[in-house]
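>>> have a look; sequence and predicted model below, questions after that.
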Amino acid sequence: MEDVTTMILAGGRGKRLAPLTLHRAKPAIRFGGIYRIIDFTLSNCLNSGLRRVFVLTQFASSSLERHLRLGWCRLFRAELGEFIEARPPQHYSGREWYRGTADSIYRNIDMIDKEDNSYLLILSGDHVYKMDYRKMLEYHMNREADLTIACVDMPLDIAKNLGVVTVDTNLHVLSFEEKPENPAPLPSEPDRAICNMGLYILKRDFLKEILSYEVINPEEHFDFGTDIIPRLLQAKANISAYIFEDENRKKEPYWRDIGTIDAYYKANMDLIDVDPVFNLYDYSWPIRSFNSELPPAKTVFNNEREGRVGRAVDSLLSPGVIISGGRVEKSVVSPEVRVGSFSDVYGCILFDRVRVGRGSILRNAIVDVGVQIPPNSRIGVDLEEDKKRFAISDEGIVVVHAGADVNED
């Protein structure tokens, strides 16, 4: 792994996760109460022995860069040549923004050369999964592939939003289609397809060769999925598919692309099951993050007669949370949240420092950082009324973003 340069793509605008991405990069969004989305990819890096990591940032990156600085830099030993470095767009070509995933790599080719490693590992910073990248590198080297793509099989309705791969019996890639309307199904499972995880391994010299095409063929976009992989297939390159091997130690492999509000909400709700498919409590594959030093979560008041009972069931509670005479059920509660007396919170994701006023009812809602819910509010109860003030997902999840008008008329 010392001969690998790792680059994490963390600069996408995340339009489908708006309004949560209005003021922060998608990889910096809270997940599971105490984590950020990027923590899962970074934890995979550390657990795989990768300690020289570039994070390519772009849109609304200040909170992400702060998280890296406070929570992750301390885990890397500079005196041993280890680092984690945020890299905003480099403007050598006169353009300010990356035009796509391949363009972000191309415009950091100077850093790849300075590292002088044989292999490049390209990762996405906005997926939730556990994976040992060492196994994929060994697979890539043994097959002497030009490019290796990490793949996972997914239901067809999800595959429509991903890159879909077809392979032969030896897992050589035969075709690739980005976000197809009709994904090519698996022969053995007609309701599922093999999907690109946005994770690639290739040799540095081969990378420079294929990206040099960009210089003479400038385009509005320049992505691995829409541009590079189809060109390589046309050129008969040796492209292998690596089938995702989960370190989650569950029967069902777990990989989630949480690029929409509904996907993000469901992935959080996965965590509160009695026996969740994604296991946060497996200390053999730790998930690291950064959080301020805060006191333990607590529940207060137990007056059944008045109905003033501080109670949380089937929920994740983060440090600094106080459930003060209210009820929280099937919810994910981030640090320093306060839930007031006689309130009822069900199926919600509450971000840091949210305040839920006395007597309020919240149903199936995501409440952004620092939002103050006035007393006796009703959110998620009447979606027609909520649409006048908040964003509503396709499946009826209410998103109360910072700056929204939380006061009812």
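Received, thanks. Numbers count the residues shown, from 1 in each chain.
>>> please name the nearest non-neighbouring residue to residue 291.
residue 34 (5.4 Å; Cβ to Cβ, 6 or more residues apart in numbering). Using the backbone N, CA and C atoms, a C-beta is placed for each residue, glycine as well.
>>> could you do residue 59 as well?
residue 13 (4.8 Å).
>>> quick one: contacts for the residue nearest the centre of the chain?
Centroid check for the chain by Cα atoms, centre = their mean gives residue 126 as the closest residue, at 2.5 Å. Residue 126 sits next to 10, 12, 14, 26, 27, 37, 38, 257, 258, 259 when contact means Cβ atoms under 8 Å, 6 or more residues apart in numbering.
>>> how far away is the third one from residue 316?
For residue 14, the distance to residue 316 under the criterion Cβ to Cβ, to the nearest Å works out to 23 Å.
>>> picking that back up, angles on the backbone of the residue nearest to the centre of the chain, please.
With angles defined as degrees, to the nearest 10, residue 126 sits at phi -130, psi 30.
>>> then residue 297?
As for residue 297, its main-chain torsions (degrees, to the nearest 10) stand at phi -70, psi 150.
>>> and residue 302, what are its bridge partners?
Beta-bridge partners for residue 302, by DSSP bridges, are residue 309.
>>> run a quick neighbour tally on it.
The tally of other residues near residue 302 (other Cβ atoms under 10 Å) stands at 10.
>>> ok, the one 5 residues further on next?
A count of neighbours around residue 307, defined by other Cβ under 10 Å, yields 10.
>>> excluding its backbone neighbours, what's nearest it?
The spatially closest residue to residue 307, leaving aside those adjacent along the chain, is residue 342, at 6.4 Å (Cβ to Cβ, 6+ apart).
>>> which element is the one you found on?
Element membership of residue 342 [criterion: DSSP states H and E] is none; it lies in no helix or strand.
>>> repeat that for residue 328.
Secondary-structure assignment from DSSP H and E places residue 328 in strand 327-329.
>>> packing partners of that strand?
For strand 327-329, the elements it packs on are strand 311-313, strand 344-346, judged by 3 or more Cβ pairs under 8 Å, 6 or more residues apart in numbering; DSSP states H and E.
>>> quick check: next helix or strand after it?
Once the chain leaves strand 327-329, the next helix or strand it forms, by DSSP H and E, is strand 332-333.
>>> tell me the pLDDT of the closest residue to residue 328 other than its chain neighbours.
Among residues not flanking residue 328 along the chain, residue 312 sits closest, at 4.2 Å (Cβ to Cβ, 6+ apart). Looking at residue 312, its pLDDT reads 97.
>>> for the one 3 residues further on, same thing?
You'll see residue 315 listed with a pLDDT of 97.
>>> quick one: residues contacting it.
Applying Cβ under 8 Å, 6+ apart, the residues near residue 315 are 272, 328, 329, 330, 331, 332, 333.
>>> report the secondary structure state of residue 185.
Under DSSP: H, G, I helix; E, B strand; the rest coil, the three-state class of residue 185 is coil.
>>> for it, what are its contacts?
With Cβ under 8 Å, 6+ apart as the criterion, the residues that contact residue 185 are 156, 191, 192, 193.
>>> show me what the nearest residue to residue 136 once chain neighbours are set aside is bridged to.
With Cβ to Cβ, 6+ apart as the measure, residue 242 is the residue that lies nearest to residue 136, at 4.9 Å, once sequence neighbours are left out. Residue 242 has the following beta-bridge partners by DSSP bridges: residue 150.
>>> so residue 242 sits against residue 140, correct?
Yes: distance between residue 242 and residue 140: 7.2 Å, which falls inside the contact criterion (Cβ atoms under 8 Å).
>>> kindly confirm my reading that residue 19 is in a strand.
No: assessed with three-state DSSP, residue 19 is coil; it does not lie in a strand.
>>> burial of residue 407, as a residue count?
The number of residues near residue 407, taken as other Cβ under 10 Å, comes to 10.
>>> need the contact list for it.
For residue 407, the residues meeting the contact criterion (Cβ under 8 Å, 6+ apart) are residue 374.
>>> secondary structure element for it?
Assigned by DSSP H and E, residue 407 falls outside every helix and strand.
>>> how much space separates it from residue 388?
Taking Cβ to Cβ as the criterion, residue 407 is separated from residue 388 by 12 Å.
>>> one more: residue 197?
Taking Cβ to Cβ as the measure, residue 197 and residue 388 are separated by 39 Å.
>>> can you list the buried residues in the strand holding residue 328?
Going by neighbour count (16 or more other Cβ atoms under 10 Å), the buried part of strand 327-329 is 327, 328.
>>> sorry, back to before: per-residue pLDDT, the residue nearest to residue 291?
We note a pLDDT of 96 for residue 34 in this prediction.
>>> tally of neighbours for it?
Under the neighbour criterion other Cβ under 10 Å, residue 34 is assigned a count of 21.
>>> who touches it in this structure?
Taking Cβ under 8 Å, 6+ apart as the criterion, residue 34 is in contact with 289, 291, 318, 319, 334, 335.
>>> need the residues touching each of residue 242 and residue 140.
When contacts are counted by Cβ under 8 Å, 6+ apart, residue 242 and residue 140 have 148, 201 as shared neighbours.
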